[in-house]
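In: turn this into a model:
(one chain, ligands or ions: 1)
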Amino acid sequence: MASSPGLCFLGWDFSTQQLKVIAVDERLRVIYEDIINFDKDLPEFGTQGGVYIHDDRLSVSSPVLMWIKALDLILEKMKSAGFNFSTVKALSGAGQQHGSVYWKEGARSVLQNLSPVLPLHQSLKNCFSVSNSPVWMDSSTSAQCNSLEEKVGGAQKLADITGSRAYERFTGNQIAKIYSRDPEVYSQTEKISLVSNFAASLFLGAYAPIDYSDGSGMNLLQIREKVWNQVCLDACAPQLGKKLDQPVPSSKILGLISPYYTERFGFNPACKIVAFTGDNPASLAGMRLSEGDIAISLGTSDTLFLWIKEPNPALEGHVFCNPVDSQAFMALLCYKNGSLMREKIRDEFVLGSWEEFSKALESTAAGNGGKVGFYFDVREITPGAVGIHRFDAHNVETPAFPKEVEIRALIEGQFMAKRIHAEKLGYKILPTTKILATGGASHNKAILQILSDVFGVPVYTIDTANSACLGSAYRAIHGLATEAGLPLTDVMKSAPGPRLAATPAAGTSQIYQPLLKRYTELEQKILLYGELVEG
Ligand SMILES: O=C(CO)[C@@H](O)[C@H](O)CF
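Out: The predicted structure is shown next:
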């Protein structure tokens, strides 16, 4: 579908399983969308869910050249579809958070002199000192986390400074692991990017800086002062500050698009690049959250996040700098066992059919007859548990549930966990609270109904499940508007509002109140069991 003759803005999302692009016109109407699925469209890399899960079941990475080749492919798809690149006034984007890219010495000049007759992946194929980038699903850096917390003065001290205690997926700990595993590779690295500013660098044709919001996911940034914390930098690797450059506000205009794109695709040379950020911060921008609302992204990771004015970092969850208002913050809880777990149960029990999956949910009652399940295929973040645990109505562990019960136990368990840990962190569920759902599973009405029942509040969805992508297009506009001194809220007045998708079914709050209590007790039981088993 070609773009409209007017001006437009592009939003990009370099997520775990795919690369997405959305174009919106000046009235924020979506005029173009496209997607490259890494597993399906780039099979030569052999990823599963966009990643490699290594034999230790802890290390998880993605090939950086796959992300670059995906950009080559999607730009060619847009060109073949007749997209008019010359109408793009500005672009911004998002990347899966915490992942890291290691640019080899000499890469800067290659990036600045891209030949328009070559695809990006050919020009950049020798520019990375680490070919498989660690990504957010990695949990192999516990030693580095312990060391960082110790050097800073403890877990809560680190959370007070950076917004989070040390987490295995957080980038500072990943860099520390690479430095300790191979100091030579580290010394050959002239720049380290997150996935977000790596993607921005591709469009800029130069190294783009890390923004405050995605930089908050590294255990390195002082979230109030918005500067790197020198003790944290030194605890991870030597001279790290030089390899990161200074962080910038998420609405900063970084510069004009690289001549590579004007010559190869016909982009307007005046097209501006606005700082890229993390997928969740970009989603927050795209979902127009109001005070008290909760956003839940049901994607590869399930994440619950909300807009907050004051940071109250704790030993669970995260506080990031806000991507829209640099004086505000965003709170976030992340669950690794999101869509990949739902897809695994769907494939195992209903032959891969979402229709049958939904029928199973609709054919079972709220509360599942008291049966409760915990489904952690990979080590979960909150709580730090792994494995599948099923309990009957008498809290007796059982090896299996009937198909329909299993499917409901998965979904109820995923949402009860979110509610319990959100309330534990002080998130208040008020009578005016609403949930805004996004991500792939937000298309599934049966899943959203259970979300509404468990939280006891209405659930809304926005126009597209790609909120990070849409939010990035809005942020491209915001970057220009900031120059004119306009807040994003003014820019987004004409954006489509959220649509009501589900309200709590009668009587469900009486069912879930006791069940939430049991879930909390059973979670402690499996955590204790895990500690006993791991010793
Ligand atoms: O780790 C996460 C957030 O902290 C995930 O939501 C990733 O951003 C998913 F890409």
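
In: can you list the residues of the stretch 101-250 of the chain near the ligand?
Out: Proximity of the stretch 101-250 of the chain to the ligand is confined to Trp136, Arg169, Gly217 under the rule Cβ under 6 Å from any ligand atom. For every residue, glycine as well, the C-beta is placed using N, CA and C.

In: so which of the residues you listed wins on neighbours?
Out: Among those, Gly217 has the most neighbours (other Cβ atoms under 10 Å), with 31 neighbours.

In: how about the closest residue to it other than its chain neighbours, secondary structure?
Out: Excluding its sequence neighbours, the residue lying closest to Gly217 (Cβ to Cβ, 6 or more residues apart in numbering) is Gln97, at 4.6 Å. Here Gln97 is coil, with the state taken from DSSP: H, G, I helix; E, B strand; the rest coil.

In: make 56 the starting number, not 1.
Out: I'll keep to 56 as the first residue from here, and by that count the last item is Gln152.

In: check Gln152 and give its pLDDT.
Out: The predicted structure scores Gln152 at 98 on the pLDDT scale.

In: next one: Ser497
Out: At Ser497, the predicted lDDT confidence score is 94.

In: contacting residues for it?
Out: Contact analysis of Ser497 by Cβ atoms under 8 Å, 6 or more residues apart in numbering lists Leu353, Leu503, Thr516, Ala520, Ala556.

In: equivalent analysis for Asp380, please.
Out: When contacts are counted by Cβ under 8 Å, 6+ apart, Asp380 touches Pro542, Leu543.

In: closest residue of the stretch 456-590 of the chain to the ligand?
Out: Closest approach between the stretch 456-590 of the chain and the ligand, counting by Cβ to the nearest ligand atom: Ala523, at 8.7 Å.

In: quick check: bridge partners of the nearest residue to Phe258 once chain neighbours are set aside?
Out: Excluding the flanking residues, the one nearest Phe258 by Cβ to Cβ, 6+ apart is Ile328, at 5.2 Å. On DSSP bridges, the residues paired with Ile328 through beta bridges are Leu146, Gly310.

In: just to revisit the earlier point, can I get the contacts of Ser497 in CSV with pLDDT and neighbour count?
Out: CSV is the format used below for those (pLDDT from 0 to 100; neighbours: other Cβ atoms under 10 Å):
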residue, pLDDT, neighbour count
Leu353, 94, 25
Leu503, 98, 21
Thr516, 94, 22
Ala520, 72, 20
Ala556, 97, 21
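
In: cross those residues against helices and list the overlap.
Out: Using DSSP state H, the subset of the contacts of Ser497 located in helices is Leu503.

In: what does the stretch 356-505 of the chain put close to the ligand?
Out: Taking Cβ under 6 Å from any ligand atom as the criterion, the neighbours of the ligand within the stretch 356-505 of the chain are Ser356, Thr358, Leu387, Cys389.

In: narrow these to those in strands?
Out: For those, the ones inside strands are Thr358, Leu387, Cys389, with DSSP state E as the criterion.

In: confidence-wise, which helix or strand of the protein is lowest on average?
Out: Considering only helices and strands, the least confidently modelled element of the chain by mean pLDDT, DSSP states H and E is helix 543-546, at a mean of 76.

In: what sits against Val441?
Out: Shown here is Val441, whose contacts under the criterion Cβ under 8 Å, 6+ apart are Phe431, Val433, Arg434, Glu435, Gly585.

In: sorry, back to before: gap between the residue of the stretch 456-590 of the chain closest to the ligand and Phe320?
Out: If you measure Ala523 against Phe320 using Cβ to Cβ, to the nearest Å, the figure is 23 Å.

In: which one of these two has more residues nearby?
Out: Remark: of Ala523 and Phe320, Ala523 carries more neighbours, 33 against 17, as counted by other Cβ under 10 Å.

In: identify the residues contacting that one.
Out: Gly66, Asp68, Ser70, Lys75, Ala149, Asp334, Asn335, Ala337, Ser338, Gly341, Ser352.

In: any idea how far apart the tips of stretch 152-171 sit?
Out: The first and last residues of stretch 152-171 sit 30 Å apart, counting by Cα to Cα, to the nearest Å.

In: if we can go back for a sec, other SSEs contacting the least confident helix or strand of the chain?
Out: Using 3 or more Cβ pairs under 8 Å, 6 or more residues apart in numbering; DSSP states H and E as the contact definition, the elements that helix 543-546 packs against are helix 522-538.

In: next, the buried residues of the helix it packs on.
Out: For helix 522-538, a neighbour-count test (16 or more other Cβ atoms under 10 Å) marks 522-537 as buried.

In: from Thr419, how far out is the residue of the chain most remote from its centre?
Out: Most distant from the centre of the chain: His449, at 37.0 Å, with distances by Cα atoms, centre = their mean. Relative to Thr419, His449 is positioned 19 Å away (Cβ to Cβ).
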